[in-house]
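Visitor: Generate a structure from the sequence data that follows.
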Amino acid sequence: MTDTFEKSASSDSEKYENDILGTDWTFQQDSAKPHIHHLTQQWCNNNFPSFIDKDHWPPNSPDLNPLDHSIWDELAHAVNWDKVKSKNILIVEMKRAVGTIRQQVLFESCASWTNRLYRISQNGGEYFSIIKIMYFVEL
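Guide: Predicted structure coming up:
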């Protein structure tokens, strides 16, 4: 069963990667727990044309993903990983887990994303200098 799941996931990702993305891209990951697991890091390194691992990705990168780290963290904790033995079970379990995410986490994530977009727009698209300024002011 695991072998079938891995083959299916691999062929899906290869089709997406080859047909849609091509090879001129770098995978942006962050510090969400599912992304920094050593097996995830190893898989990304082996399967993406360009990959910046968790130890080399800048902590203040302009991550404009509306799914804030807190949502990914909640989702990762809500999934019953012991039940996941196939792609179909993973999909069912992910759908169930999404329904358990607390409303407050969603509101905070939306506010954070809106704030990131605003800061980038106010700084001509430059994110890092705003973070540096904010960091030094807070010290």
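Visitor: which parts of the lengthiest helix in the chain are buried?
Guide: Longest helix in the chain, counting residues (DSSP state H): helix 103-122. Neighbour-count burial for helix 103-122 flags 109, 113, 116 (criterion: 16 or more other C-beta atoms under 10 Å). For the C-beta atoms, the positions are set from N, CA and C on the backbone; glycine is no exception.
Visitor: Go through those and name the one nearest Lys95.
Guide: Proximity of the buried residues of helix 103-122 to Lys95 (C-beta to C-beta) peaks at Ser109, which lies at 18.7 Å.
Visitor: unless I'm mixing things up, the closest one is touching Ile71, no?
Guide: Yes. Assessed by C-beta atoms under 8 Å, Ser109 is found in contact with Ile71 at 5.1 Å.
Visitor: Now do the helices in this structure.
Guide: 2-15, 33-36, 38-47, 69-78, 87-98, 103-122, 128-138.
Visitor: Return the member of these having the minimum mean pLDDT.
Guide: Note on those: helix 128-138 shows the lowest mean pLDDT, a mean of 40.
Visitor: Give me the number of neighbouring residues for the residue nearest to Ile101 when sequence neighbours are not counted.
Guide: Nearest non-adjacent residue to Ile101, counting by C-beta to C-beta, 6 or more residues apart in numbering: Glu74, 4.9 Å away. Residues near Glu74, counting by other C-beta atoms under 10 Å, number 19.
Visitor: Good, we can wrap up now.
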